[in-house]
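S.K.: need a structure here:
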Amino acid sequence: MQSVTVLTHHGRRQAVKVEPNKTVLWILEEVCKKFDFDPNNYDLKCHNKLLDLSQMFRFAGLPNNCTLEMVEAKKKRIEQDLTICVQLEDGSRVNGSFPSSTSLKDVITILCPLKSSEDQSPVVIYMRSEIFGDALEKTTLKSLGLSSGGRALIRLINTDPESLKVQANISAPLPQKPKEEIIEKEKPRIISNAGCSDTFQFKNIQLLKEEVSTPDKTPEQPMETDEPVKEEALPSKSTDEAVKPIKQLNHELVEESMEQEVEQIINILDSRGTIVFSLDSMQTSNVDLPDSFFELTESEVRKLYRDLKVQLDEIENKPLMTTELRKLEENKKILNQLSMYKSCAIRIQFPNRYVIQSKFSTVETVGVVMEFVKQFLIDSEMEFYLFTTPPKTILDMNTTLIESNCVPSALLHFGCDPTLTNDFLKPDLYEKLSTGTGASRVLADARKSDSSTSSDSAGPSNDKNFEKPKPPTNFLSSSVSRENTGAIPK
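M.R.: Presented below is the predicted three-dimensional model:
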């Protein structure tokens with residue numbers, strides 16, 4: 001139950017507790033009874049807006065504990081007869097005119113005498129109000145907000161009032177098949193990028209979980225030996241130690257399955273390691289894993305909570321940055337990527353689902369990539385552009401790949417005039433196509449070679465090969481005088 005405060009026209013405040021199905025007119029009548037006022041001479045306002053007295057409180061848009069103002073009505077309300085339409089259960093309707101002081105019991109008795117007997121348990125439904133039993137005699141049309149003329153439709157049904165408390169349209173959940181049957185019916189399918197089957201990978205992970213969680217079983221009959229057998233207690237493995245081999249298994253299974261893949265076709269076209277393949281050769285997989293596969297362990301939940309807490313602290317304690325500081329942060333990010341990646345893998349996808357994959361330096365521009373693509377086109381002079389999506393962003397020819405966020409790898413789309421034909425590549429390239437799994441294998445080998453070369457090149461720096469830049473003479477003369485004082489210049 002909610003409460004409102006009514007400010008009367010003579011400066012008094014009256015608190016009224018109201019139910020959601022009560023009308024705004026009922027609030028006005030309760031206040032008028034308290035101070036002996038005629039409710040037909042007053043209206044209610046909320047924020048200088050007149051309220052519709054016929055509305056229910058739940059639909060009036062009034063918050064709890066709001067303040068209403070009682071003002072004099074511009075015109076006195078005169079009660080007039082109402083046109084009431086009663087809809088029966090069979091869909092038929094009967095009409096009649098009644099004054100607003102008429103009770104619902106009298107309305108259904110006059111219009112539907114055969115349906116209004118107490119033995120048939122009549123229930124009247126208006127808006128969201130369900131009125132039955134003794135409430136039919138106590139509820140008038142005016143208490144429902146029906147006054148000063150107009151028309152209204154009410155429904156009349158004959159049912160047990162207790163059945164109204166039961167929610168309708170509740171269906172039982174569909175029976176689910178056991179998880180074991182789902183796993184047995186799964187067919188081995190191939191992952192396009194990794195080149196291994198999901199079912200093979202999932203079963204090996206499940207087997208590894210069983211080996212880690214359950215200790216090795218000792219044989220029932222011990223072997224007969226000359227020396228007594230020493231029983232050593234097995235060290236207990238924590239959850240984190242059990243999860244580590246599971247995470248390492250994923251990479252090992254990918255490498256093993258890629259070696260066993262027979263359908264890998266790799267045709268390298270130039271020194272950049274360029275290959276051309278079709279997306280139709282990429283095999284997809286839609287294996288439905290059970291829900292238990294995605295359940296998190298306690299240690300994983302703790303790590304997620306710790307990471308979220310760190311991110312929240314960084315957001316809350318992040319200082320305001322100027323434009324120069326933001327540019328400085330971007331430059332730092334670019335320098336970190338330059339030190340980490342010397343090259344990047346770029347895929348250019350054409351509208352006919354053919355893809356050119358090649359390797360570029362991180363400091364090369366988008367124009368170099370476009371010139372590279374032209375040598376594979378039938379018409380090398382055609383106008384085209386490269387863009388990323390989503391959202392569609394056309395790349396500038398003068399920007400470098402690292403500035404275009406194409407490091408360490410990126411998928412670029414080939415865009416041109418839509419009226420042109422879909423056949424863009426030279427015919428001899430279709431005879432040298434590679435498969436999607438082969439393209440993924442070339443990409444994985446390129447990443448391995450880059451990581452190995454970067455680790456080998458990293459070592460102690462020779463200070464003799466680097467010369468410190470000399471500061472200008474004017475800065476040198478001013479800095480000498482400041483070194484003795486130790487003061488920081490403003």
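
S.K.: C-alpha only now, for contacts and for neighbours.
M.R.: Will do.

S.K.: how much space between the residue at minimal distance from the centre of the chain and residue 302?
M.R.: Centroid-nearest residue in the chain: residue 390, 16.2 Å away (criterion: Cα atoms, centre = their mean). Distance, residue 390 to residue 302, by Cα to Cα, to the nearest Å: 33 Å.

S.K.: now swap in residue 100 and tell me
M.R.: Between residue 100 and residue 302 the distance is 66 Å, computed by Cα to Cα.

S.K.: So if I had to pick from those two, which one is more boxed in?
M.R.: Neighbours were counted for residue 100 and for residue 302 using other Cα atoms under 10 Å; residue 100 has more, 21 against 12.

S.K.: Thought residue 159 was touching residue 120, still the case?
M.R.: Yes. Under the criterion of Cα atoms under 8 Å, residue 120 lies in contact with residue 159, with a separation of 7.3 Å.

S.K.: neighbours around residue 120, how many?
M.R.: Residue 120: 13 neighbours (other Cα under 10 Å).

S.K.: what do you get for residue 158?
M.R.: Residue 158: 18 neighbours (other Cα under 10 Å).

S.K.: Could you check what's spatially nearest to it, not counting adjacent residues?
M.R.: residue 122 (4.6 Å; Cα to Cα, 6 or more residues apart in numbering).

S.K.: So the one you found sits against residue 135, correct?
M.R.: No. Checked against Cα under 8 Å, the pair residue 122 and residue 135 is beyond contact range at 11.2 Å.

S.K.: before we move on, the earlier item: tally of neighbours for the residue nearest to residue 158?
M.R.: 22.

S.K.: Ok, residue 131 next?
M.R.: With neighbours defined by other Cα under 10 Å, the count for residue 131 comes to 19.

S.K.: Can you name the next helix or strand after the host helix or strand of it?
M.R.: Taking DSSP states H and E as the criterion, residue 131 maps to strand 129-132. Downstream of strand 129-132, the next assigned helix or strand under DSSP H and E is helix 135-138.

S.K.: neighbouring contacts of that following helix?
M.R.: The contact list for helix 135-138 (Cα atoms under 8 Å, 6 or more residues apart in numbering) reads 103-106, 124.

S.K.: per-residue confidence at residue 273?
M.R.: As summarised for this prediction, residue 273 has a pLDDT of 89.

S.K.: Could you report the neighbour count for it?
M.R.: 16.

S.K.: didn't it look like it was pressed against residue 359?
M.R.: Yes. Between residue 273 and residue 359 there is a contact under Cα under 8 Å: 6.6 Å.

S.K.: circling back: the contacts of helix 135-138 in helices, which ones?
M.R.: Applying DSSP state H to the contacts of helix 135-138, the entries found in helices are 104-106.

S.K.: what stretches of the chain score poorly on pLDDT?
M.R.: Across the chain, residues meeting the criterion (pLDDT under 70) sit at 148-149, 165-263, 283-287, 452-490.

S.K.: tell me the domain boundaries of it?
M.R.: Using automatic domain parsing, the domain ranges for the chain come out as 2-72, 82-164, 190-208+241-262, 332-453.

S.K.: what distance separates the first one from the centre of its chain?
M.R.: Going by Cα atoms, centre = their mean, to the nearest Å, the spacing between the C-alpha centre of domain 2-72 and its chain's C-alpha centre is 43 Å.

S.K.: what's the answer for the longest one, then?
M.R.: Once both centres are worked out by Cα atoms, centre = their mean, domain 332-453 turns out to sit 30 Å from its chain's centre.

S.K.: on that earlier part again, just put the domains of the chain in TSV and tack on distance to residue 278.
M.R.: Output for those, formatted as TSV (distance: least, Cα to Cα, whole Å):
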stretch	distance to residue 278
domain 2-72	59
domain 82-164	61
domain 190-208+241-262	12
domain 332-453	4
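
S.K.: looking at those, which is closest to residue 314?
M.R.: domain 332-453 (17.4 Å; Cα to Cα).

S.K.: buried set for stretch 119-128?
M.R.: 122-125 (16 or more other Cα atoms under 10 Å).

S.K.: Report the contact partners of the nearest residue to residue 362 once chain neighbours are set aside.
M.R.: Of all residues not flanking residue 362 in the chain, residue 343 sits nearest, at 5.1 Å (Cα to Cα, 6+ apart). If a contact means Cα under 8 Å, 6+ apart, then residue 343 has 359-362, 407-408, 450 as its contacts.
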